[in-house]
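>>> missing the sequence, but the structure's below:
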């Protein structure tokens with residue numbers, strides 16, 4: 001599936017523009033005073049896993065609801081590369097977009113170009129990840145640090161405050177990954193008998209996490225728990241344990257459909273999990289708030305939203321057995337949009 005997603009990436013990575021229908025719109029443009037419609041710039045930061053694909057698709061679906069105020073959308077694809085993202089944002093500035101929505105690949109690399117955009121009157125919305133600067137208009141995210149805290153507290157309770165654990169993190173240098181792991185470590189540090197015997201950057205990827213877990217299992221004859229910050233990684237960890245014929249241990253995860261299916265299937269074996277969510281609809285909410293600031297409305301600068309939580313008690317309410325594993329279940333996409341998304345992935 002992921003190879004097919006990458007094929008889709010190559011098609012989607014071209015810069016293109018979507019025309020919108022005409023109708024009176026917001027009040028204040030970022031460059032030329034009062035405007036009826038706006039040119040929106042959206043950087044697709046990565047399409048190498050299903051969460052990032054769905055993040056992008058949620059934005060596209062939300063944009064369709066605002067054709068009355070969106071003149072066009074300039075899409076770029078950074079492919080997870082901070083240097084390329086800087087160039088993409090520079091391209092958007094040159095195209096004189098009214099607003100840029102971007103998920104930073106690095107908390108530092110894009111700071112100068114974001115400031116350049118702000119200095120030129122372009123609004124900037126950070127989507128699901130922060131930068132090391134206050135030069136932006138709005139950040140829309142969940143509390144990444146608390147994400148790590150909640151899951152780590154649950155895990156510590158499951159193992160009675162002692163044992164060997166491994167940690168599977170996201171992309172190296174990404175602020176979301178670093179803050180989530182910092183939150184988890186702030187909990188584990190309170191328990192002298194909990195030892196993190198290995199932590200790896202598995203890029204929120206199923207295959208990478210499965211291989212990393214296999215290696216960590218081979219190096220550690222005793223593992224009591226797995227802390228991960230991504231549902232696909234948890235699914236890979238489960239399968240690695242089973243391939244090694246090791247008993248399943250408590251694990252943390254997210255709202256990844258494949259994980260929820262395995263979770264339910266193995267509950268009668270005593271398997272337990274928890275899944276705080278970083279919803280893919282953060283991109284849609286970011287667009288909503290970006291359009292509000294273009295219209296001159298007051299919007300909270302740091303919009304840190306509650307993180308929905310999947311537990312043993314409510315996992316049946318979120319799983320979607322009729323859809324592929326790669327679906328992230330905390331979604332605003334309707335069934336037809338979900339089917340269309342996976343249909344494109346299969347092409």
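That came through fine. All values reported here derive from a predicted model rather than from experimental measurement.
>>> could you list the low-confidence segments of the stretch 51-200 of the chain?
Across the stretch 51-200 of the chain, nothing is flagged by pLDDT under 70.
>>> one more time with 90, if that's ok
171-176 (pLDDT under 90).
>>> can you give me the helices for it?
Under the criterion DSSP state H, counting those that start in this stretch, helices of the stretch 51-200 of the chain are mapped to 82-94, 111-119, 144-158, 175-188.
>>> and the shortest one, how far out from the chain middle?
Average the C-alpha atoms of helix 111-119, do the same for its chain, and the two points are 23 Å apart (CA atoms, centre = their mean, to the nearest Å).
>>> likewise the third one?
Per CA atoms, centre = their mean, the displacement of helix 144-158 from the mean C-alpha position of its chain is 18 Å.
>>> contacts for that helix next, please.
Residues from elsewhere that reach helix 144-158 (CB atoms under 8 Å, 6 or more residues apart in numbering): 165, 175-176, 179-188, 190-191, 194, 225, 227, 229, 250-252, 272, 274, 276, 278, 307, 309. Glycine gets a C-beta too; all of them are placed from N, C-alpha and C.
>>> can you give me the buried ones in stretch 159-175?
When burial is assessed from 16 or more other CB atoms under 10 Å, stretch 159-175 yields the following buried residues: 159, 163-171, 174-175.
>>> equivalent analysis for stretch 176-190, please.
Neighbour count says stretch 176-190 has 176-181, 183-185, 187-188 buried, by 16+ other CB under 10 Å.
>>> and which of these is nearest to residue 261?
Closest approach between the buried residues of stretch 176-190 and residue 261, by CB to CB: residue 180, at 23.6 Å.
>>> the closest residue to that closest one other than its chain neighbours and residue 38, how far apart?
Nearest-residue entry for residue 180: residue 148, 4.1 Å, with adjacent residues in sequence omitted and distances by CB to CB, 6 or more residues apart in numbering. Using CB to CB, to the nearest Å, residue 148 is found at 36 Å from residue 38.
>>> for residue 237, same thing?
Applying CB to CB to residue 237 and residue 38 gives a distance of 44 Å.
>>> look at these two and report which has more neighbours.
residue 237 (31 against 27; other CB atoms under 10 Å).
>>> give the helix, strand or coil label for the more buried one.
Counting by DSSP: H, G, I helix; E, B strand; the rest coil, the backbone at residue 237 sits in helix.
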